[in-house]
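Chemist: Fold the following.
(chains A and B)
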Protein chains: 2
Amino acid sequence: MSTKLPKDSVGIVTPQSYHFDEPLELRSGKVLSSFDLMVETYGELNAAGSNAVLICHALSGDHHVAGYHSENDKKPGWWDSCIGPGKAIDTNKFFVVCLNNLGGCAGSTGPVSINPETGKHYGPDFPVVTVRDWVKSQVMLSDRLGIRKWAAVVGGSLGGMQVLRWSISYPERLGHAVCIAAAPKLSAQNIAFNEVARHSIISDPNFHNGHYLEHGTSPKQGLTLARMVGHITYLSDSAMRSKFGKSLPEFGGANFGRELRTGKLSFGFNVDFQVESYLRYQGERFSENFDANTYLLMTKALDYFDPSVDYEGYLSRAFENSHCKFFLMSFSTDWRFPPERSREIVNDLLKAGKQVTYLEIESDSGHDAFLLPIPRYVSAFSRYMNRVHAELNGEIPQAQNSQPESDREVTNAA
Amino acid sequence: MSTKLPKDSVGIVTPQSYHFDEPLELRSGKVLSSFDLMVETYGELNAAGSNAVLICHALSGDHHVAGYHSENDKKPGWWDSCIGPGKAIDTNKFFVVCLNNLGGCAGSTGPVSINPETGKHYGPDFPVVTVRDWVKSQVMLSDRLGIRKWAAVVGGSLGGMQVLRWSISYPERLGHAVCIAAAPKLSAQNIAFNEVARHSIISDPNFHNGHYLEHGTSPKQGLTLARMVGHITYLSDSAMRSKFGKSLPEFGGANFGRELRTGKLSFGFNVDFQVESYLRYQGERFSENFDANTYLLMTKALDYFDPSVDYEGYLSRAFENSHCKFFLMSFSTDWRFPPERSREIVNDLLKAGKQVTYLEIESDSGHDAFLLPIPRYVSAFSRYMNRVHAELNGEIPQAQNSQPESDREVTNAA
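Modeler: Below you'll find the model as predicted:
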């Protein structure tokens, strides 16, 4: 490992592609006859094959969850704050696996891949995939890697929804479900924001009904707008206030994030406030690196997620056969998936008689908090994962943990 | 009045245009050498000229605040629920005036008007107008109508901001300021949503830098998206849940507004959920009836509003010379301008030693609540306005009301 990289990093990592020739029948009824999954792993699988942790990514994530692809990388993987030697998910203890989900645009089969049946990009013909389909493909990957049972399946946001699906559909194949900043299903408001994002992509004249690659173009304006809307929902009002507003006590206190870009109003329609240029920049940068069809697929997977649908609307019944222990966390200013939504899951888990630990973290950072190194969050996460590891080694007898601990908050999870 | 119209309606009304040849210097430094204001009035101005009430409209409002333009109109003016004979603002008692603000697209001088200097539509050359400019033009209208002092100036949302400006800049010219569901200035999140709206309009290929009228087109896609985003911020999450989700107790309870349009998932990118088709429909209908340049102007007026800016950030100082009494209301689930924002205004009014009555209304309807006939809201509004009228008639001695009543809630305002 290079001396240039931080000591608690997994270092330089190399993704690996796995090809699957077995057909995958999707929830829509369509079948992918073959597919590839792009995967990164960190740490070592132990002899018993029992120390593996699966990370499920969210809307715009991918397999590159920790470390660096080269010494020149400016940024590490998207959850590097929580994964590495000595970190919350300690790669000295666990074998960590993360994959780019089907329909993604970072190497796994998706709209930018070549459809073997036509020799052209899938584009808009890539089938709509659901959380259930992703988990099905993740099970196939587990088999390929020789992992019969994950010590834990872990994810935030849309990733947390995959964690719930694992616990419901493959109860024997995970020991712990760690579900962070998620919801049992989207609300109408969540769906509405996704619809605005989709509509902005679809109505971009460069979208060409999804066939933009064939036209040598990209609906960048639409994708920029989609990301701008999304970004607002990831940040809390308070996060924006502190990010874009100096607190000016000599001027009557905080300015509510109304910091001006040039110090004065333009009296025109260009950006006046820093928050505007920040949003445009984030949106534009994203639109250069992400595939619009993938964005559509990911938002639909979010909208469609609702495990209660097979149980007449009763989520608790969905969990009846779950075997794993559950750890949920939520963040106080997350208004995309607020703590109430995690508490719904907790209540249904308790109703189903499951063992659940739940923690609400005070944070100013909105939904994005789950990606940030917030001390109380990281420390609770670490202690929980350390307990998972101790359990594997027989240091904590199973019986000791067989009763539900709390329905709201556990301050000493270790 | 037609028998087809409701009895408590002001009936058929006819707008009237007022031409002003006096130049209006705007806050930007630009000057409108002449302009027109489109106005509606209801009720009769009394001999003393003391019973006039000015209504200030919000983002997409206009002068048509109550009654019908013809017997075939399906909908009355935008605040008909609160204005009419026997209603909260009782047209049997008050002479009610409402105008379309400068920059609007409903008859007052704005981007769709002909610029007398060029003979062409103003389009994007119409100057950026601010709340201060609007109130300045409203003062000119008051002079024209012979109204020296308004019994009350009333408005919700952006309209409430105009009310605050009146109380600060023209303290002698109003008796009461009624400011509903407003804020002392936008937060970074508010500005961010406005920026998304503007960016979606400006990046529409049919926008042509604002010269779309000359190109015989309109940036409808951009305006549709802008309105969709706006609409989400007007409705609360709970309003969406009840609007788009049947409560199905036999199916595990409420479905969080996830009502499907056709009863099943499409596994495509067309609308699946009712909330999606509702938003698209609202956006598209709006884009056919509203001018995109006006939308840009209105959102900038919102962003720029901050009366504390002339007082080193201290809003309380802005109110130092105010003479009127203040009545503020806010709504519990309004997340665009939540109750906290009204409380900020109330606190600064109290700091400035002003008389203020404040009421927080429980409502599921988000920001839109101020336009709805919510019983507690309408009843408090009525009682306050009745007191305003009683005061005019000397039925309540001024001294009796000279002390602040409450800084939070007054249940019996009469």
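
Chemist: use CA for all of it now, contacts and neighbours both
Modeler: Will do.

Chemist: neighbours around the nearest residue to residue A:110 once chain neighbours are set aside, how many?
Modeler: Closest residue to residue A:110 apart from its sequence neighbours, by C-alpha to C-alpha, 6 or more residues apart in numbering or on different chains: residue A:103 at 3.7 Å. Residues near residue A:103, counting by other C-alpha atoms under 10 Å in any protein chain shown, number 28.

Chemist: and residue A:103, how far is that from chain B?
Modeler: From residue A:103 across to chain B, the span is 14 Å (C-alpha to the nearest C-alpha, to the nearest Å).

Chemist: how about the nearest residue to the residue in the stretch 51-200 of chain A that chain B sits nearest to, chain neighbours excluded?
Modeler: Closest approach of the stretch 51-200 of chain A to chain B (C-alpha to the nearest C-alpha) occurs at residue A:188, with a separation of 4.7 Å. Closest residue in space to residue A:188, ignoring its immediate chain neighbours: residue B:257 at 4.7 Å, by C-alpha to C-alpha, 6+ apart.

Chemist: In three-state terms, label the one you found for me.
Modeler: coil (DSSP: H, G, I helix; E, B strand; the rest coil).

Chemist: my guess is it meets residue B:275, correct?
Modeler: Yes - applying C-alpha atoms under 8 Å, one finds residue B:257 in contact with residue B:275, separated by 7.5 Å.

Chemist: Need the overlap of contacts for those two.
Modeler: A:188, B:240, B:244 (C-alpha atoms under 8 Å, 6 or more residues apart in numbering or on different chains).

Chemist: Now go through those residues and say which are in helices.
Modeler: A:188, B:240, B:244 (DSSP state H).

Chemist: how about the last one, what does it touch?
Modeler: Spelled out, that is residue B:244. Counted by C-alpha under 8 Å, 6+ apart, residue B:244 has contacts A:188, B:256-259, B:274-275.

Chemist: Could you check how many residues crowd around residue A:193?
Modeler: Count around residue A:193 with other C-alpha under 10 Å applied: 22.

Chemist: same check, this time on residue A:258
Modeler: If we define neighbours as other C-alpha under 10 Å, then residue A:258 has 28 of them.

Chemist: how about the strands in the stretch 251-400 of chain A?
Modeler: Along the stretch 251-400 of chain A, counting by DSSP state E, counting those that start in this stretch, strands occupy A:253-254, A:325-331, A:356-361.

Chemist: Mind pulling the model confidence for the residue nearest to residue A:188?
Modeler: Listed pLDDT for residue B:257 reads 80.

Chemist: and if you look at residue A:253?
Modeler: 46.

Chemist: Which residue is the nearest non-sequential neighbour of residue A:374?
Modeler: In space, residue A:374 is closest to residue A:363, 7.8 Å off (C-alpha to C-alpha, 6+ apart).

Chemist: same deal with residue A:115?
Modeler: Nearest residue to residue A:115 in three dimensions, chain neighbours excluded: residue A:122, at 5.2 Å (C-alpha to C-alpha, 6+ apart).

Chemist: before we move on, the earlier item: how about the residue nearest to residue A:188, what does it touch?
Modeler: Residue B:257 touches A:187-188, B:240-246, B:275, counting by C-alpha under 8 Å, 6+ apart.

Chemist: Which of the residues you listed ranks first by neighbour count?
Modeler: In the contacts of residue B:257, the most neighbours by other C-alpha under 10 Å go to residue A:188, 30 neighbours.

Chemist: just checking, that one touches residue B:237?
Modeler: Yes - under the criterion of C-alpha under 8 Å, residue A:188 makes contact with residue B:237 at 7.1 Å.

Chemist: tally of neighbours for the nearest residue to residue A:277 once chain neighbours are set aside?
Modeler: Among residues not flanking residue A:277 along the chain, residue A:271 sits closest, at 6.1 Å (C-alpha to C-alpha, 6+ apart). As a burial measure, residue A:271 scores 20 neighbours (other C-alpha under 10 Å).

Chemist: Surely residue A:271 and residue A:280 touch.
Modeler: No - Residue A:271 is not in contact with residue A:280 according to C-alpha under 8 Å; the separation is 9.1 Å.

Chemist: show me where chain A has helices.
Modeler: With DSSP H as the criterion, chain A has helices spanning A:131-145, A:158-169, A:188-202, A:220-234, A:237-244, A:274-289, A:292-304, A:315-318, A:339-351, A:375-392.

Chemist: Same list, the ones you listed, but as a markdown table with distance to residue A:12 and mean pLDDT please.
Modeler: Below are the helices of chain A laid out as a markdown table (distance: least, C-alpha to C-alpha, whole Å; pLDDT from 0 to 100):
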| stretch | distance to residue A:12 | mean pLDDT |
| --- | --- | --- |
| helix A:131-145 | 21 | 98 |
| helix A:158-169 | 24 | 98 |
| helix A:188-202 | 35 | 96 |
| helix A:220-234 | 29 | 97 |
| helix A:237-244 | 31 | 86 |
| helix A:274-289 | 21 | 95 |
| helix A:292-304 | 27 | 97 |
| helix A:315-318 | 40 | 97 |
| helix A:339-351 | 35 | 98 |
| helix A:375-392 | 23 | 97 |
